[in-house]
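**Q** A predicted structure for the sequence below; I have some questions about it.
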Amino acid sequence: MRIAMFASLVVSASSLIPRRIPFLRRPATCRLMSSEAFEYDLLVIGAGSGGVRASRIASGHGAKVAIIEPQLNHGAPNYSAVGGTCVNVGCVPKKLMVFAARYPGEVGEASGYGWKGATPGEFDWKQFMEYKDAEITRLNNVYQNFVLGNAGVEIIEGYGTVNGKNAVDVKYSATGETKTLTTKYILVAVGGWPFKPDIPGIEHAITSNEIFYLEEQPKRIIVVGGGFIGLEFATIMDGFGSDVTLMYRKDLFLRGFDMDMRTHMKEEMETNSNIDLQFNTDPTEIVKNDDGSLTVTTKDGRKFEADCVMYASGRKGRTENIGLETAGVNTKDSFIPVDQYSRTNVDNIYAIGDVTNRIALTPVALMEGHRLADTLFGGMDRPVDHEFVASTVFTTPEIGTVGYTEEEAVEKFKNISVFKSKFRAMKHSFPKSETYSLFKLIVDDNTNRVVGCHAATDGAGEMVQGMAIAIKMGATKEDFDNTIGIHPTSAEEMVTMRTPAYRYMNGVKVEEH
């Protein structure tokens with residue numbers, strides 16, 4: 001199945017409302033306290049999505065838990081604070097930017113609905129960033145005072161370093177003092193960090209960390225990278241009115257996604273955005289000019305001018321200088337290999353989330369942390385489950401996906417049917433916009449089970465979340481066909497595609513006639 005990077009997240013309103021959860025707190029006399037030899041049952045290094053969930057659930061089971069994070073509020077130098085990448089410099093502030101960037105497109109269609117003289121106005125970058133900072137600060141406080149505080153988890157502001165199998169050294173951020181804490185179990189949940197290649201002038205480039213803290217909106221920006229982080233920020237900045245160039249070193253972006261979705265997104269960008277797509281383009285040097293602008297030279301010798309260069313070319317695990325070698329924990333290419341219970345090669349040390357390089361999505365880290373806590377402290381047997389994980393690329397239009405791509409399904413199941421529908425949604429056809437939706441279902445002909453669902457359309461993330469429930473439960477194509485659609489919606493197309501576009505038999509494509 002497609003392995004995505006970075007976290008795309010839909011945050012429910014209820015999850016952000018401060019509330020007490022009485023059943024998560026137990027009297028101190030009910031604490032498990034693994035042994036008098038250890039101060040804690042569980043020490044968690046990293047207060048991101050996975051670490052917070054694991055610590056909260058473990059505490060609810062009666063474990064004595066502390067979670068260690070270098071800073072409790074967002075911003076430089078670590079950017080990620082309590083809540084992790086997602087809350088501070090990922091899913092949440094990015095989605096707020098997505099919302100803001102879509103307003104000009106909405107206004108652009110207004111005249112087609114009879115609204116005369118509607119214009120998007122002028123985007124105020126500084127004001128937006130002030131509002132964004134206030135919201136992320138609010139969420140930092142929610143995590144500290146309600147999510148963790150109400151669960152009885154001790155929060156330690158400092159840098160955690162593994163010191164053997166059963167100890168963690170903490171360097172407290174406020175004082176610089178170092179103290180060694182002992183524990184039965186250690187959980188490493190330190191997440192990832194944006195990767196930048198070693199080319200001349202790379203120090204002038206920013207990443208998805210710094211873009212949330214730029215004082216001014218860049219008039220011209222080059223985004224380097226063909227993953228969904230790069231595409232999301234390219235469409236965001238285009239929506240804000242910046243001149244955007246997207247550079248990718250290969251033929252087509254979104255590697256790992258379904259090919260039809262990749263091609264459709266390219267067509268939509270070419271038709272409905274001002275983004276300059278530069279494929280087979282790889283920067284080799286960045287030069288800062290006297291006026292503060294930047295010149296990017298590519299491998300083929302071309303030069304591009306910009307006010308800002310943003311790299312979105314992958315992420316690495318944050319495993320440097322956290323003492324894993326003192327306990328003999330294995331790493332591979334900056335990540336920590338683990339088994340189905342998130343256990344490392346050391347039997348009492350675990351790792352979850354982006355640092356394990358499984359599926360780098362916030363809800364996946366939540367699942368991994370929750371199941372680990374249930375297994376260690378809840379008396380349950382809960383291995384992780386990474387099949388049929390839904391995700392969304394928050395471009396415009398969005399791409400929502402769950403299950404196998406066509407290419408993966410052919411390889412795994414051999415005999416499949418592919419259902420496709422491309423159309424202009426009512427919202428866009430009425431004002432005569434050239435914006436198209438593409439829906440796709442993939443069915444395993446051996447079982448008639450729907451094993452893949454992909455949609456490129458407005459609100460695809462909201463739509464595919466519902467599809468994911470059915471597909472996870474094992475819904476067949478007959479189940480989809482027996483479901484009555486909601487009219488008029490785009491989503492009804494999911495239950496009205498009756499005839500396959502083509503099939504594969506024993507891995508060979510057979511066109512329908």
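**A** Yep, that arrived. The structure presented is a predicted model; accordingly, all values stated were derived computationally and were not measured. Residues are numbered from 1 along each chain as shown.
**Q** which residues sit against stretch 170-178?
**A** 68, 70-71, 156-161, 169, 179-181 (CB atoms under 8 Å, 6 or more residues apart in numbering). C-betas here are computed from N, CA, C, even on glycine.
**Q** Determine the next helix or strand in the C-terminal direction from the lowest-mean-pLDDT helix or strand in the chain.
**A** The helix or strand of the chain with the poorest confidence is helix 13-16; it has a mean of 36 (mean pLDDT, DSSP states H and E). Next in sequence after helix 13-16, counting helices and strands by DSSP states H and E, comes strand 40-45.
**Q** any idea which helix or strand comes after that following strand?
**A** Using DSSP H and E, the helix or strand that follows strand 40-45 in sequence is helix 49-60.
**Q** For that following helix, give the mean pLDDT please.
**A** Computed over helix 49-60, the mean pLDDT rounds to 98.
**Q** quick one on the thing from earlier: out of the contacts of stretch 170-178, which are buried?
**A** Ile68, Pro70, Gln71, Ile156, Glu157, Gly158, Tyr159, Gly160, Thr161, Asp169, Leu181 (16 or more other CB atoms under 10 Å).
**Q** Assess the claim that the fourth one and Pro70 are in contact.
**A** No: counting by CB atoms under 8 Å, Ile156 does not reach Pro70; the two are 9.9 Å apart.
**Q** What segments of the stretch 201-350 of the chain are strands?
**A** 220-224, 243-247, 276-278, 283-288, 294-298, 303-306, 308-311, 315-317, 349-351 (DSSP state E, counting those that start in this stretch).
**Q** would you list those in JSON lines and tack on distance to Ala425?
**A** Output for these, formatted as JSON lines (distance: least, CB to CB, whole Å):
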{"stretch": "strand 220-224", "distance to Ala425": "27"}
{"stretch": "strand 243-247", "distance to Ala425": "25"}
{"stretch": "strand 276-278", "distance to Ala425": "24"}
{"stretch": "strand 283-288", "distance to Ala425": "37"}
{"stretch": "strand 294-298", "distance to Ala425": "37"}
{"stretch": "strand 303-306", "distance to Ala425": "34"}
{"stretch": "strand 308-311", "distance to Ala425": "31"}
{"stretch": "strand 315-317", "distance to Ala425": "34"}
{"stretch": "strand 349-351", "distance to Ala425": "43"}
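**Q** Pull the most distant pair out of the buried ones among the contacts of stretch 170-178.
**A** Gln71 and Leu181 (18.8 Å; CB to CB).
**Q** Now the one helix or strand Tyr103 maps to: buried residues?
**A** Using DSSP H and E, Tyr103 sits within helix 91-108. Residues of helix 91-108 classed as buried: 91-98, 100-102, 104-105 (neighbour count, 16+ other CB under 10 Å).
**Q** Touching it from outside, list them.
**A** With CB under 8 Å, 6+ apart as the criterion, helix 91-108 contacts 7-9, 11, 85-86, 118-120, 123, 128, 132, 135-136, 139, 208, 212, 232-233, 235-241, 272, 362, 394, 396.
**Q** From the residues you listed, list the buried ones, please.
**A** 7-9, 85-86, 123, 132, 136, 139, 208, 212, 232-233, 235-240, 272, 362, 394, 396.
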